[in-house]
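Chemist: I would like to see how this sequence folds:
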Amino acid sequence: MGISFTLTDAEKNFLSRLARMSIEAGLVGKAVDAIPSPADALDRQQGPLRRHLGAFVTISINNALRGCIGSIVGQEPLYVNVWRMAASAAFSDPRFPPLTLAEWRGDVELDISVLDELTLCPNPEAVEVGRHGLVLQYQNQSGVFLPQVPVEQGWDRLAYLEHLCIKAGLPKDSWQQPGARLFWFEALVFPA
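Modeler: Reported below is the predicted structural model:
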């Protein structure tokens, strides 16, 4: 297992600017006719900006979570996905009220996580904290954690799996039950 794509510094910078533009457009109520597309210099043939990759945008203020929304599986080109997820993280995370202009002008940090393809985890013992993101599906419930979450929380592998179950609204040992499906992925995470 390993990440099947790379992003150049220029591509990361483009995605970072795009995420910020999306949030700023929402803050001032400006409708955008078309999402800015990558410049020719960035638009590599079959490059990652055009691949249908999952992406999450995380907003933090003073090191506290302020919004995080994403798509595990990309349904559109990565740059379009990042644009949409940035606006969703800022204005549609059900855990928080919409981001305000005053907050935006403060100490706001953005992180973008670009997800590689999801695959069935062959063995939960192989999960590496900090490397693997996880998705659990069981009894019509599901939960997801990005690879950086267990590191931020100080969890070991067992605590990671248990908290994933809890996030899915399940008992903490559900990952061990027959019929439970555990998927893993890797992600490229960078500040925006």
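Chemist: and for the helix ranked longest in the chain, what's in contact with it?
Modeler: Across the chain, the helix with the greatest residue count (assigned by DSSP state H) is helix 9-27. Identification of contacts with helix 9-27 by C-beta atoms under 8 Å, 6 or more residues apart in numbering yields 7, 31-32, 35-36, 38-39, 41-42, 47-49, 57, 78-79, 82-87, 90-91, 99-101, 104, 110, 112, 114, 190-192. (Glycine included, C-beta is placed from N, CA and C.)
Chemist: now it: average pLDDT?
Modeler: The pLDDT scores in helix 9-27 average 95.
Chemist: buried sites along that helix?
Modeler: 11-12, 14-16, 18-19, 21-23, 25-27 (16 or more other C-beta atoms under 10 Å).
Chemist: distance from it to the middle of the chain?
Modeler: A distance of 15 Å separates the centroid of the chain from that of helix 9-27, by C-alpha atoms, centre = their mean, to the nearest Å.
Chemist: now stretch 80-88
Modeler: The answer for stretch 80-88 is 10 Å, by C-alpha atoms, centre = their mean.
Chemist: where's the residue positioned nearest the centre of the chain relative to Val144, distance?
Modeler: Centroid-nearest residue in the chain: Phe56, 2.1 Å away (criterion: C-alpha atoms, centre = their mean). When distance is defined by C-beta to C-beta, to the nearest Å, Phe56 is 9 Å away from Val144.
Chemist: Gly67 too?
Modeler: Distance, Gly67 to Val144, using C-beta to C-beta: 16 Å.
Chemist: quick one: which of those two has more around it?
Modeler: Legend: neighbour count by other C-beta atoms under 10 Å for Gly67 and Val144, higher for Gly67 (24 against 21).
Chemist: next SSE after the helix or strand containing that one?
Modeler: Gly67 belongs to strand 64-71 when assigned by DSSP states H and E. Next in sequence after strand 64-71, counting helices and strands by DSSP H and E, comes helix 78-91.
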